[in-house]
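Provide a 3D model corresponding to the input given below.
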Amino acid sequence: MPAGAGRTTTRAPFLGLPVDDMSILTRLSTTAIMAVVAATLAMLALTAQPAKAAPRVGPLVGIGEQQPEMFASPLWKRLQARDARYIAPWDALDDARQLALLDRWMDAARRSRVRVVLGFAHSLRTEKLAHTLPTPRQFERQFKRFRARYPWVRDWVAWNEANHPAALTATRPRRAAQYFDAVSRNCRGCRVAAADLLDVSNMSRWLIRFRRYVHHRPRIWGLHNYGDANGLKVKSTPKLLALTKGQIWFTETGGLVLRRDYRGKKPIRTYRYGIKRAAASTQHALKLSCLSRRITRIYLYHWQQPWKVTSWDSGLVDRRGRARPAFYTVQRWVRRSAAASRSGGRRALCGTGVVRGR
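Residues are numbered from 1 along each chain as shown. Below you'll find the model as predicted:
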(Lines give C-alpha, C1' and ligand atoms only; values in the text may rest on other atoms or scores of the structure.)
Protein backbone atom coordinates (compact mmCIF):
# COMPACT_ATOMS: atom_id res chain seq x y z
CA MET A 1 0.00 0.00 0.00
CA PRO A 2 1.44 3.39 -0.94
CA ALA A 3 2.38 5.61 1.93
CA GLY A 4 -0.65 7.34 3.36
CA ALA A 5 -3.14 5.12 1.54
CA GLY A 6 -6.29 4.45 3.54
CA ARG A 7 -5.51 7.25 5.93
CA THR A 8 -8.26 9.69 6.97
CA THR A 9 -7.34 13.31 6.25
CA THR A 10 -8.79 16.29 8.05
CA ARG A 11 -8.94 19.56 6.12
CA ALA A 12 -8.81 22.34 8.72
CA PRO A 13 -8.59 26.00 7.72
CA PHE A 14 -5.73 28.02 9.16
CA LEU A 15 -5.53 31.71 8.18
CA GLY A 16 -7.67 30.86 5.17
CA LEU A 17 -5.41 27.99 4.01
CA PRO A 18 -6.38 24.28 4.17
CA VAL A 19 -4.08 22.18 6.36
CA ASP A 20 -3.86 18.39 6.21
CA ASP A 21 -3.78 16.87 9.71
CA MET A 22 -3.91 19.30 12.57
CA SER A 23 -0.78 17.56 13.79
CA ILE A 24 1.14 19.70 11.31
CA LEU A 25 0.34 22.69 13.45
CA THR A 26 2.05 21.06 16.37
CA ARG A 27 5.27 21.04 14.36
CA LEU A 28 5.07 24.80 13.90
CA SER A 29 6.76 26.66 16.67
CA THR A 30 4.84 29.33 18.54
CA THR A 31 7.22 31.91 17.11
CA ALA A 32 6.50 30.86 13.53
CA ILE A 33 2.73 30.96 14.07
CA MET A 34 2.89 34.39 15.63
CA ALA A 35 5.06 35.64 12.76
CA VAL A 36 2.49 34.47 10.19
CA VAL A 37 -0.37 36.05 12.16
CA ALA A 38 1.51 39.32 12.56
CA ALA A 39 2.35 39.46 8.85
CA THR A 40 -1.28 38.77 7.91
CA LEU A 41 -2.64 41.45 10.24
CA ALA A 42 -0.05 43.93 9.00
CA MET A 43 -1.08 43.28 5.40
CA LEU A 44 -4.76 43.77 6.26
CA ALA A 45 -4.01 46.99 8.09
CA LEU A 46 -2.03 48.27 5.13
CA THR A 47 -4.83 47.70 2.65
CA ALA A 48 -7.29 49.43 4.98
CA GLN A 49 -5.23 52.63 5.11
CA PRO A 50 -5.04 55.25 2.36
CA ALA A 51 -1.83 55.09 0.37
CA LYS A 52 0.73 57.75 1.18
CA ALA A 53 1.24 60.25 -1.61
CA ALA A 54 4.72 61.16 -2.75
CA PRO A 55 6.15 64.27 -1.04
CA ARG A 56 4.79 67.44 -2.62
CA VAL A 57 4.78 71.18 -2.01
CA GLY A 58 1.54 73.12 -1.72
CA PRO A 59 -1.97 71.80 -1.18
CA LEU A 60 -2.88 68.23 -1.94
CA VAL A 61 -4.90 67.79 -5.12
CA GLY A 62 -7.87 65.44 -5.21
CA ILE A 63 -10.94 64.89 -7.39
CA GLY A 64 -14.62 65.29 -6.65
CA GLU A 65 -16.47 62.59 -8.57
CA GLN A 66 -19.64 60.54 -8.08
CA GLN A 67 -18.73 57.64 -10.39
CA PRO A 68 -16.50 54.81 -9.08
CA GLU A 69 -15.19 53.97 -12.56
CA MET A 70 -12.69 56.80 -12.08
CA PHE A 71 -10.56 54.64 -9.79
CA ALA A 72 -10.02 52.05 -12.55
CA SER A 73 -9.03 54.63 -15.16
CA PRO A 74 -5.41 54.47 -16.38
CA LEU A 75 -5.39 58.28 -16.35
CA TRP A 76 -6.39 58.32 -12.68
CA LYS A 77 -3.48 56.04 -11.90
CA ARG A 78 -1.16 58.18 -14.01
CA LEU A 79 -2.21 61.26 -12.04
CA GLN A 80 -1.18 59.48 -8.81
CA ALA A 81 -3.99 61.16 -6.87
CA ARG A 82 -4.75 59.78 -3.43
CA ASP A 83 -7.76 61.89 -2.44
CA ALA A 84 -11.37 62.01 -3.63
CA ARG A 85 -14.67 63.52 -2.53
CA TYR A 86 -18.21 62.12 -2.64
CA ILE A 87 -21.49 63.86 -1.80
CA ALA A 88 -24.25 61.64 -0.41
CA PRO A 89 -27.84 62.42 0.56
CA TRP A 90 -28.01 62.81 4.34
CA ASP A 91 -30.40 59.83 4.51
CA ALA A 92 -28.64 57.63 1.92
CA LEU A 93 -28.51 54.70 4.36
CA ASP A 94 -32.33 54.54 4.23
CA ASP A 95 -32.46 54.80 0.45
CA ALA A 96 -31.70 51.46 -1.23
CA ARG A 97 -30.63 53.00 -4.54
CA GLN A 98 -28.43 55.70 -3.04
CA LEU A 99 -26.91 53.25 -0.56
CA ALA A 100 -25.96 50.88 -3.38
CA LEU A 101 -24.29 53.75 -5.27
CA LEU A 102 -22.49 54.92 -2.14
CA ASP A 103 -21.27 51.46 -1.14
CA ARG A 104 -20.03 50.78 -4.65
CA TRP A 105 -18.09 54.06 -4.72
CA MET A 106 -16.68 53.62 -1.22
CA ASP A 107 -15.61 50.04 -1.94
CA ALA A 108 -13.79 51.15 -5.09
CA ALA A 109 -12.13 54.03 -3.24
CA ARG A 110 -10.98 51.79 -0.42
CA ARG A 111 -9.59 49.18 -2.78
CA SER A 112 -7.63 51.97 -4.46
CA ARG A 113 -6.43 53.16 -1.03
CA VAL A 114 -7.89 56.61 -1.51
CA ARG A 115 -8.52 59.04 1.35
CA VAL A 116 -12.18 59.99 1.14
CA VAL A 117 -13.93 63.23 2.00
CA LEU A 118 -17.61 62.45 2.47
CA GLY A 119 -20.14 65.28 2.36
CA PHE A 120 -23.90 65.54 2.82
CA ALA A 121 -26.73 67.08 0.83
CA HIS A 122 -30.52 66.93 0.63
CA SER A 123 -32.52 63.72 0.39
CA LEU A 124 -33.35 62.08 -2.94
CA ARG A 125 -35.86 59.57 -1.61
CA THR A 126 -39.02 61.51 -2.46
CA GLU A 127 -39.93 64.91 -3.88
CA LYS A 128 -41.20 66.01 -0.47
CA LEU A 129 -38.05 64.93 1.38
CA ALA A 130 -35.88 66.60 -1.27
CA HIS A 131 -37.35 69.91 -0.11
CA THR A 132 -37.23 69.17 3.62
CA LEU A 133 -34.26 69.72 5.92
CA PRO A 134 -33.64 67.06 8.56
CA THR A 135 -33.94 68.15 12.16
CA PRO A 136 -30.64 68.31 14.05
CA ARG A 137 -31.57 65.09 15.87
CA GLN A 138 -32.42 63.27 12.64
CA PHE A 139 -29.15 64.40 11.04
CA GLU A 140 -27.09 63.38 14.06
CA ARG A 141 -28.70 59.94 14.20
CA GLN A 142 -27.91 59.36 10.53
CA PHE A 143 -24.35 60.64 10.90
CA LYS A 144 -23.69 58.12 13.69
CA ARG A 145 -24.80 55.39 11.31
CA PHE A 146 -22.42 56.68 8.61
CA ARG A 147 -19.58 56.63 11.14
CA ALA A 148 -20.41 53.04 12.09
CA ARG A 149 -20.63 51.92 8.45
CA TYR A 150 -17.46 53.70 7.28
CA PRO A 151 -15.24 53.99 10.38
CA TRP A 152 -12.16 54.57 8.19
CA VAL A 153 -13.49 57.90 6.89
CA ARG A 154 -12.05 60.78 8.91
CA ASP A 155 -12.74 63.77 6.61
CA TRP A 156 -16.22 65.27 6.30
CA VAL A 157 -18.22 68.11 4.74
CA ALA A 158 -21.16 68.87 7.02
CA TRP A 159 -23.46 70.23 4.26
CA ASN A 160 -22.69 70.80 0.59
CA GLU A 161 -22.86 74.39 -0.74
CA ALA A 162 -24.83 75.54 2.28
CA ASN A 163 -25.19 79.16 1.08
CA HIS A 164 -26.24 78.32 -2.49
CA PRO A 165 -29.31 80.47 -3.25
CA ALA A 166 -31.30 77.34 -4.09
CA ALA A 167 -30.06 75.33 -1.07
CA LEU A 168 -32.42 74.45 1.77
CA THR A 169 -29.94 76.10 4.13
CA ALA A 170 -29.60 79.33 2.11
CA THR A 171 -31.68 81.25 4.64
CA ARG A 172 -31.02 78.88 7.56
CA PRO A 173 -27.35 79.11 8.54
CA ARG A 174 -28.28 78.12 12.09
CA ARG A 175 -29.42 74.70 10.88
CA ALA A 176 -26.17 74.26 8.93
CA ALA A 177 -24.26 75.17 12.11
CA GLN A 178 -26.18 72.49 14.00
CA TYR A 179 -25.17 69.90 11.40
CA PHE A 180 -21.52 70.91 11.76
CA ASP A 181 -21.76 70.64 15.55
CA ALA A 182 -23.33 67.17 15.23
CA VAL A 183 -20.45 65.93 13.04
CA SER A 184 -17.82 67.49 15.32
CA ARG A 185 -19.42 66.08 18.44
CA ASN A 186 -19.56 62.53 17.10
CA CYS A 187 -16.23 62.37 15.28
CA ARG A 188 -13.52 63.58 17.61
CA GLY A 189 -10.18 64.01 15.88
CA CYS A 190 -11.83 64.09 12.45
CA ARG A 191 -11.28 66.85 9.91
CA VAL A 192 -14.58 68.62 9.26
CA ALA A 193 -15.25 71.44 6.81
CA ALA A 194 -17.49 73.64 8.94
CA ALA A 195 -19.24 75.57 6.19
CA ASP A 196 -19.02 74.59 2.54
CA LEU A 197 -19.45 77.88 0.70
CA LEU A 198 -20.17 78.82 -2.89
CA ASP A 199 -18.57 82.10 -4.00
CA VAL A 200 -21.76 84.01 -4.69
CA SER A 201 -22.91 87.40 -3.44
CA ASN A 202 -24.33 86.17 -0.12
CA MET A 203 -21.17 84.35 0.97
CA SER A 204 -19.89 86.89 3.52
CA ARG A 205 -23.31 87.65 5.07
CA TRP A 206 -24.18 83.98 5.33
CA LEU A 207 -20.82 83.11 6.92
CA ILE A 208 -21.13 85.84 9.57
CA ARG A 209 -24.56 84.51 10.59
CA PHE A 210 -23.29 80.92 10.57
CA ARG A 211 -20.49 81.72 13.03
CA ARG A 212 -22.97 83.12 15.56
CA TYR A 213 -24.52 79.72 16.02
CA VAL A 214 -21.64 77.22 16.02
CA HIS A 215 -20.56 75.67 19.34
CA HIS A 216 -17.47 73.86 18.07
CA ARG A 217 -14.54 75.86 16.80
CA PRO A 218 -14.29 75.69 13.00
CA ARG A 219 -10.80 74.71 11.95
CA ILE A 220 -11.51 74.09 8.25
CA TRP A 221 -13.65 76.02 5.78
CA GLY A 222 -14.79 74.71 2.42
CA LEU A 223 -14.97 76.89 -0.69
CA HIS A 224 -16.39 76.32 -4.17
CA ASN A 225 -14.67 79.19 -5.97
CA TYR A 226 -16.07 78.72 -9.47
CA GLY A 227 -16.53 82.47 -9.84
CA ASP A 228 -12.84 83.14 -9.31
CA ALA A 229 -11.70 80.13 -11.32
CA ASN A 230 -13.88 80.59 -14.40
CA GLY A 231 -13.90 84.37 -14.32
CA LEU A 232 -10.10 84.29 -13.97
CA LYS A 233 -10.57 86.55 -10.93
CA VAL A 234 -8.97 86.95 -7.52
CA LYS A 235 -11.96 88.07 -5.50
CA SER A 236 -13.89 85.59 -3.36
CA THR A 237 -10.88 83.48 -2.34
CA PRO A 238 -9.00 86.34 -0.60
CA LYS A 239 -12.33 87.48 0.86
CA LEU A 240 -12.82 84.13 2.60
CA LEU A 241 -9.20 84.17 3.77
CA ALA A 242 -9.83 87.57 5.39
CA LEU A 243 -13.08 86.46 7.05
CA THR A 244 -11.79 83.23 8.60
CA LYS A 245 -9.01 81.57 10.52
CA GLY A 246 -7.77 78.03 10.00
CA GLN A 247 -7.45 75.92 6.87
CA ILE A 248 -9.34 76.47 3.66
CA TRP A 249 -10.12 73.58 1.35
CA PHE A 250 -11.28 74.20 -2.19
CA THR A 251 -13.83 71.41 -1.74
CA GLU A 252 -15.01 71.94 -5.30
CA THR A 253 -13.48 73.94 -8.13
CA GLY A 254 -12.44 73.54 -11.74
CA GLY A 255 -12.83 74.74 -15.29
CA LEU A 256 -16.26 74.67 -16.90
CA VAL A 257 -16.71 73.32 -20.42
CA LEU A 258 -20.49 73.78 -20.49
CA ARG A 259 -23.24 74.91 -18.12
CA ARG A 260 -27.00 75.22 -18.56
CA ASP A 261 -29.62 77.05 -16.56
CA TYR A 262 -33.08 75.52 -16.31
CA ARG A 263 -36.56 76.74 -15.50
CA GLY A 264 -38.23 73.59 -14.32
CA LYS A 265 -37.22 70.97 -16.86
CA LYS A 266 -36.73 73.46 -19.69
CA PRO A 267 -33.23 74.77 -20.47
CA ILE A 268 -33.33 78.57 -20.75
CA ARG A 269 -29.64 79.44 -21.17
CA THR A 270 -26.48 77.59 -22.21
CA TYR A 271 -22.93 78.76 -21.50
CA ARG A 272 -20.29 77.17 -23.72
CA TYR A 273 -16.75 77.74 -22.48
CA GLY A 274 -14.86 75.04 -24.37
CA ILE A 275 -12.07 72.70 -23.31
CA LYS A 276 -9.21 75.19 -23.81
CA ARG A 277 -10.89 77.81 -21.64
CA ALA A 278 -11.61 75.09 -19.06
CA ALA A 279 -7.89 74.28 -18.93
CA ALA A 280 -7.04 77.95 -18.32
CA SER A 281 -9.65 78.11 -15.56
CA THR A 282 -8.27 74.95 -13.99
CA GLN A 283 -4.78 76.45 -14.03
CA HIS A 284 -6.11 79.60 -12.37
CA ALA A 285 -7.90 77.56 -9.68
CA LEU A 286 -4.65 75.79 -8.86
CA LYS A 287 -2.70 79.06 -8.80
CA LEU A 288 -5.22 80.56 -6.38
CA SER A 289 -3.84 78.18 -3.74
CA CYS A 290 -0.64 80.26 -3.83
CA LEU A 291 -2.51 83.10 -2.11
CA SER A 292 -1.95 81.51 1.29
CA ARG A 293 -0.41 78.51 3.02
CA ARG A 294 -3.78 78.16 4.76
CA ILE A 295 -5.18 76.73 1.52
CA THR A 296 -4.29 73.08 2.07
CA ARG A 297 -6.50 71.05 -0.27
CA ILE A 298 -7.99 71.34 -3.75
CA TYR A 299 -10.71 69.03 -5.06
CA LEU A 300 -11.30 69.47 -8.77
CA TYR A 301 -14.81 68.65 -9.96
CA HIS A 302 -15.24 66.44 -11.85
CA TRP A 303 -13.48 63.53 -13.51
CA GLN A 304 -15.43 62.54 -16.61
CA GLN A 305 -17.82 64.21 -19.00
CA PRO A 306 -21.32 62.62 -18.76
CA TRP A 307 -22.52 60.66 -21.75
CA LYS A 308 -25.44 63.08 -21.95
CA VAL A 309 -24.61 66.54 -20.67
CA THR A 310 -27.67 68.12 -19.08
CA SER A 311 -26.63 71.02 -16.86
CA TRP A 312 -22.90 70.68 -16.17
CA ASP A 313 -19.62 69.55 -17.71
CA SER A 314 -16.24 70.28 -16.14
CA GLY A 315 -14.72 66.85 -16.72
CA LEU A 316 -10.96 66.38 -16.90
CA VAL A 317 -11.53 63.53 -19.37
CA ASP A 318 -14.14 63.18 -22.08
CA ARG A 319 -17.00 60.72 -22.19
CA ARG A 320 -14.74 58.07 -23.75
CA GLY A 321 -12.12 58.46 -21.05
CA ARG A 322 -9.65 60.46 -23.15
CA ALA A 323 -7.66 63.23 -21.50
CA ARG A 324 -8.73 66.81 -22.08
CA PRO A 325 -6.34 69.80 -21.87
CA ALA A 326 -7.40 70.38 -18.23
CA PHE A 327 -6.13 66.92 -17.29
CA TYR A 328 -2.65 67.77 -18.56
CA THR A 329 -2.84 71.07 -16.66
CA VAL A 330 -3.44 69.16 -13.42
CA GLN A 331 -0.78 66.59 -14.25
CA ARG A 332 1.83 69.30 -14.84
CA TRP A 333 0.91 70.99 -11.56
CA VAL A 334 1.22 67.75 -9.61
CA ARG A 335 4.62 67.04 -11.18
CA ARG A 336 5.83 70.55 -10.43
CA SER A 337 4.63 70.14 -6.85
CA ALA A 338 6.65 66.94 -6.50
CA ALA A 339 9.75 68.52 -8.10
CA ALA A 340 9.43 71.56 -5.83
CA SER A 341 9.54 69.28 -2.77
CA ARG A 342 13.00 68.18 -3.89
CA SER A 343 14.30 71.60 -4.86
CA GLY A 344 13.01 75.14 -4.63
CA GLY A 345 10.04 74.61 -2.32
CA ARG A 346 6.92 76.74 -2.56
CA ARG A 347 8.64 79.43 -4.60
CA ALA A 348 9.42 76.90 -7.32
CA LEU A 349 5.75 75.91 -7.45
CA CYS A 350 4.10 79.30 -7.16
CA GLY A 351 6.77 81.66 -8.43
CA THR A 352 7.51 85.03 -6.87
CA GLY A 353 4.75 87.05 -8.49
CA VAL A 354 1.29 87.90 -7.12
CA VAL A 355 -1.63 85.76 -8.30
CA ARG A 356 -3.50 88.05 -10.69
CA GLY A 357 -6.94 87.99 -12.18
CA ARG A 358 -8.76 90.00 -14.77
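
pLDDT wise, what is the residue nearest to the spatial centre of the chain at?
Residue closest to the mean C-alpha point of the chain, counted by Cα atoms, centre = their mean, is Arg85 at 1.6 Å. Arg85 is assigned 98 on the pLDDT scale.

Can you point out the helix or strand that includes it?
Assessed by DSSP states H and E, Arg85 sits inside strand 83-89.

Likewise for Lys77?
Secondary structure from DSSP H and E places Lys77 in helix 74-79.

neighbouring contacts of that helix?
Residues from elsewhere that reach helix 74-79 (Cβ atoms under 8 Å, 6 or more residues apart in numbering): 63, 70, 303, 316-317, 321, 323, 327, 330-331, 334. Where C-beta positions appear, they are placed from N, C-alpha and C, glycine not excepted.

Kindly report the same for stretch 126-134.
Here stretch 126-134 has contacts from 90-91, 122-124, 142, 168-169, 172, 175, using Cβ under 8 Å, 6+ apart.

and the two most separated of those residues?
Leu124 and Arg172 (19.6 Å; Cβ to Cβ).

need the contact list for the nearest residue to Arg145 once chain neighbours are set aside.
Nearest residue to Arg145, sequence neighbours excluded (Cβ to Cβ, 6 or more residues apart in numbering): Leu93, at 5.2 Å. By Cβ under 8 Å, 6+ apart, the contact list for Leu93 reads 99, 142, 145-146, 149.

Asp199 too?
223-228, 235-237, 240.

Report the angle between the helix or strand harbouring Glu140 and strand 83-89.
Here Glu140, judged by DSSP H and E, is contained in helix 136-149. Interaxial angle of helix 136-149 relative to strand 83-89 (axes from the mean of the first three to the mean of the last three Cα atoms, to 10 degrees): 140 degrees.

Are there helices or strands packed against helix 136-149, and which ones?
Of the remaining helices and strands, those touching helix 136-149 by 3 or more Cβ pairs under 8 Å, 6 or more residues apart in numbering; DSSP states H and E are strand 115-121, helix 173-185.

so which of those gets nearest Ser289?
If you check each of the helices and strands packed on helix 136-149 against Ser289 by Cβ to Cβ, strand 115-121 wins as the nearest, at 16.5 Å.

Can you point out the buried residues in the helix or strand following the closest one?
Next along the chain after strand 115-121, taking DSSP H and E as the criterion, comes helix 127-130. Across helix 127-130, burial judged by 16 or more other Cβ atoms under 10 Å covers Leu129.

tell me the contacts of the residue nearest to Leu124 when sequence neighbours are not counted?
Nearest residue to Leu124 in three dimensions, chain neighbours excluded: Pro89, at 4.9 Å (Cβ to Cβ, 6+ apart). Pro89 sits next to 95, 98, 120-125 when contact means Cβ under 8 Å, 6+ apart.

Let's see that with 6 Å instead.
By Cβ atoms under 6 Å, 6 or more residues apart in numbering, the contact set of Pro89 is 98, 123-124.

For the stretch 251-358 of the chain, give me the ranges with low pLDDT.
352-354, 357-358 (pLDDT under 70).

Could you do the stretch 1-150 of the chain as well?
For the stretch 1-150 of the chain (pLDDT under 70), the answer is 1-54.
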